[in-house]
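S.K.: Could you work out the structure for the sequence below:
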Amino acid sequence: MGFLKKIAGAIFGSSDGETRDPDGIYLYIKCARCGSPVRVRADRRHDLQRDYDTGEYVLHKEVMDGSCFTLIRTMTRFDGAYRVLEQEIEGGEFLTWEQYRTLTQPRD
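M.R.: Numbers count the residues shown, from 1 in each chain. Next up, the predicted model:
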């Protein structure tokens, strides 16, 4: 049964709700205009640009939230192990997973 739980967790996400995707890099963003939280997936195999001089990766992503449809532009720079080195955003702010989860949880 443990094997099936691992497969289900890899496909559908972990028990805490955060997606476990070996090829996905997730950004959590809040729109500056309406405050809507957005989760964005980037594929590390196809969406990142490699800087062969430094061994770093760069992700440029344009995101549109589903509430006010504001265009949010992001740039994230990663080291060779895909750890965030630098982030810039225009039209929003970056969130942590915990902040995103808090904003998207149903209210009682």
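S.K.: For the rest of this, base every contact and every neighbour count on C-alpha atoms.
M.R.: Will do.
S.K.: So for stretch 90-108, what gets flagged as buried?
M.R.: 91, 92, 93, 94, 95, 97, 100, 101, 103 (16 or more other Cα atoms under 10 Å).
S.K.: Now the third one, what are its backbone angles?
M.R.: Backbone torsions for residue 93, taken as degrees, to the nearest 10, come to phi -140, psi 150.
S.K.: Report the beta-bridge partner residues of it.
M.R.: Residues in a beta bridge with residue 93, per DSSP bridges, are residue 30.
S.K.: Which single one of the buried residues of stretch 90-108 is nearest to residue 55?
M.R.: Looking at the buried residues of stretch 90-108 and their distance to residue 55, the nearest is residue 94, at 24.2 Å (Cα to Cα).
S.K.: Spatially nearest residue to the closest one, not counting backbone neighbours?
M.R.: The shortest distance from residue 94 to any residue other than its chain neighbours is 4.5 Å, reached at residue 29 (Cα to Cα, 6 or more residues apart in numbering).
S.K.: quick one on the thing from earlier: next, give me the two most distant ones among the buried residues of stretch 90-108.
M.R.: Most distant of those, by Cα to Cα, are 91 and 101, 20.4 Å apart.
S.K.: would you turn the buried residues of stretch 90-108 into CSV with distance to residue 47?
M.R.: Shown next, in CSV, are the buried residues of stretch 90-108 (distance: Cα to Cα, whole Å):
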residue, distance to residue 47
91, 21
92, 21
93, 21
94, 19
95, 20
97, 21
100, 22
101, 25
103, 27
